[in-house]
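J.: Below is the sequence, then the predicted model.
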Amino acid sequence: MPLRRSLAKRKPDTSRDWRQVLPSLLKTDQLGRIIGSVLKGGEFLALSGALGAGKTALVRGIATGLGVSPQAVSSPTFVLLHEYRGRLPLAHIDLYRLHSLQEVESIGLDDYLSGPTVVAVEWADKAPAILPDDRLEMQLRHRTVQSRSITFRATGPVSAALLARIKTCQTLPMRRSRSRRTHKLKGTSAS
């Protein structure tokens, strides 16, 4: 008798869209750290959302997940590009102030699209024509003063694999930071 396999049990999650609520800046940072920890190199992250939606905060978390000091990360709005060295190189680009495709092309984005560099572009929706076909789009939206929502959309196989890794880690309990801050720093005993 032939073996019968249940399709319901074998059906993989092929969803390329995923939405999460981020109730605080801390949760935005934690999600960024998860993303940074599962990057393998060469991924393209396209961030969009209104001013103050949390794009730079998310990139700060991503950089921290790559081993970059969070204090080193700032918005590249006026300089257009920051490069960070961690476990993988990270190019953090901001297109907010750019008004033409020629200005966007002058950044040299193509230089970062091969090799291990992870590219995170804020305001990516301003220049969809120059974005690679395979990218993880992240749309951040205000919900309340404190909370945001984020919608992920994977547009190719590399970004779909990245999104699957993020989903897997997001469902696991968050690990505590390695920093050994104790109550002794505040003048009380930790024991």
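T.: Cool, the structure landed.

J.: Can you name the next helix or strand after the least confident helix or strand in the chain by mean pLDDT?
T.: When each helix and strand of the chain is scored by mean pLDDT, DSSP states H and E, helix 7-10 comes last, with a mean of 41. Scanning the chain past helix 7-10 towards its C-terminal end, the next helix or strand to appear is strand 17-22 (assignment: DSSP states H and E).

J.: what about that next one, average pLDDT?
T.: In this model, strand 17-22 has a mean pLDDT of 93.

J.: Give the pairing partners of that strand; include direction for each.
T.: Next to strand 17-22 in the sheet, as set by DSSP bridges, lie strand 148-154 (antiparallel).

J.: So for the partner strand, what gets flagged as buried?
T.: Neighbour-count burial for strand 148-154, counted by 16 or more other Cβ atoms under 10 Å, picks out 148-150, 152-154. C-betas here are computed from N, CA, C, even on glycine.

J.: which one of these is nearest residue 130?
T.: Within those, distances to residue 130 taken as Cβ to Cβ reach their minimum at residue 153, with 17.6 Å.

J.: ok, the closest residue to that closest one other than its chain neighbours - contacts?
T.: On the basis of Cβ to Cβ, 6 or more residues apart in numbering, the spatially nearest residue to residue 153 that is not a chain neighbour turns out to be residue 137, at 4.3 Å. Contacts were defined as Cβ atoms under 8 Å, 6 or more residues apart in numbering; by that measure residue 137 touches 46, 48, 124, 152-155.

J.: what mean pLDDT does the helix or strand where residue 137 lies have?
T.: Take DSSP H and E as the rule and residue 137 turns out to sit in strand 136-142. Computed over strand 136-142, the mean pLDDT rounds to 96.

J.: Parallel or antiparallel, list what pairs with it.
T.: Within its sheet, strand 136-142 is paired with strand 44-49 (parallel), strand 148-154 (antiparallel), according to DSSP bridges.

J.: Ok, which of those strands comes nearest residue 96?
T.: Shortest separation from residue 96 across those is recorded for strand 44-49, at 10.7 Å, computed as Cβ to Cβ.

J.: starting at the chain centroid, how far to the closest one?
T.: 8 Å (Cα atoms, centre = their mean, to the nearest Å).

J.: Name the residues of that strand that are buried.
T.: Neighbour count says strand 44-49 has 44-49 buried, by 16+ other Cβ under 10 Å.

J.: need the helices for this structure, in chain order.
T.: Secondary structure of the chain (DSSP state H): helices located at 7-10, 25-38, 55-65, 101-105, 157-170.

J.: Deepest-packed of these, please.
T.: Each of the helices of the chain was scored by mean neighbour count; the highest is helix 55-65, a mean of 25, by mean count of other Cβ atoms under 10 Å.
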